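In: Sequence plus predicted model, see below.
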Amino acid sequence: MESQLESTQTLSALKLPMLKTGDYDLWSIRMEQYLTHTDYALWETVEQKLAIKNELKAKSTLLLAIPDEHLLKFYGIKDAKSLWEAIKTRFGGNKESKKMQKAILKQQYENFIASRSEGLDKTYDRFQKLISQLEIQDEAISQEDTNLKLLRSLPSS
């Protein structure tokens, strides 16, 4: 009963891939991943179930998260760890690109200005997103500095 409930919850959390004319190849990949993700034991024996369940679920989840235009490039990768590394290599960037990204974010922080037309909520959200991106790049900014920067960026009105 519990397994059936878990399966139902998993099914409801995933959107069933719908076939569109001319998109059979992408649909078949998505459908295979959907079936694998929702009923991993469908194709395997009981002895292999646990290890294969974890591997297939990890690979399926990664493939479901890849945009369609990149799916065919990654689909042939055999295991989740190799898939993760390929995604990291393709989208994560190297040391130089990360250094450049960090420099760009720091420049955006220094030049941050609130727009009169966007409103305080949107300004704050945009500022928080910038701060979060800097933190991801290991660029720590004190709370006092962020508060002052935000206040100084607001229009005088």
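Out: Yep, it's here.
In: just checking, what packs against the helix or strand encompassing residue 148?
Out: In the assignment (DSSP states H and E), residue 148 maps to helix 143-153. Contact here means 3 or more Cβ pairs under 8 Å, 6 or more residues apart in numbering; DSSP states H and E; on that basis helix 143-153 packs against helix 119-136. The C-beta positions use only the backbone N, C-alpha and C, and glycine is treated the same way.
In: tell me how far the helix holding residue 148 is from the chain's mean position?
Out: Between the centre of helix 143-153 and the centre of its host chain there is 29 Å, according to Cα atoms, centre = their mean, to the nearest Å.
In: Repeat that for stretch 120-135.
Out: On the basis of Cα atoms, centre = their mean, the separation between the geometric centre of stretch 120-135 and that of its chain is 19 Å.
In: Okay, helices next: where are they in the chain?
Out: For the chain, the helices defined by DSSP state H occupy 2-13, 24-38, 49-64, 68-74, 80-87, 95-110, 119-136, 143-153.
In: which one of these has the lowest average pLDDT?
Out: For the helices of the chain, the stretch scoring lowest in mean pLDDT is helix 2-13; its value is a mean of 48.
In: now the most centrally placed residue in the chain: how far from residue 56?
Out: What sits nearest the mean C-alpha location of the chain, by Cα atoms, centre = their mean, is residue 65, with 6.7 Å. Going from residue 65 to residue 56 by Cβ to Cβ, to the nearest Å gives 15 Å.
In: which other residues reach stretch 144-157?
Out: The contact list for stretch 144-157 (Cβ atoms under 8 Å, 6 or more residues apart in numbering) reads 109, 112-114, 116, 120, 123-124, 127, 131, 141.
In: let's see it at 7 Å
Out: By Cβ atoms under 7 Å, 6 or more residues apart in numbering, the residues outside stretch 144-157 that reach it are 112-114, 116, 127, 131.
In: Quick one: those as CSV, columns for distance to residue 95 too.
Out: Written out in CSV, the entries for these read as follows (distance: Cβ to Cβ, whole Å):
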residue, distance to residue 95
112, 26
113, 31
114, 33
116, 39
127, 27
131, 23
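In: Of those, which qualify as buried by neighbour count?
Out: By neighbour count, with 16 or more other Cβ atoms under 10 Å, the contacts of stretch 144-157 hold 112, 114, 127, 131 as buried.
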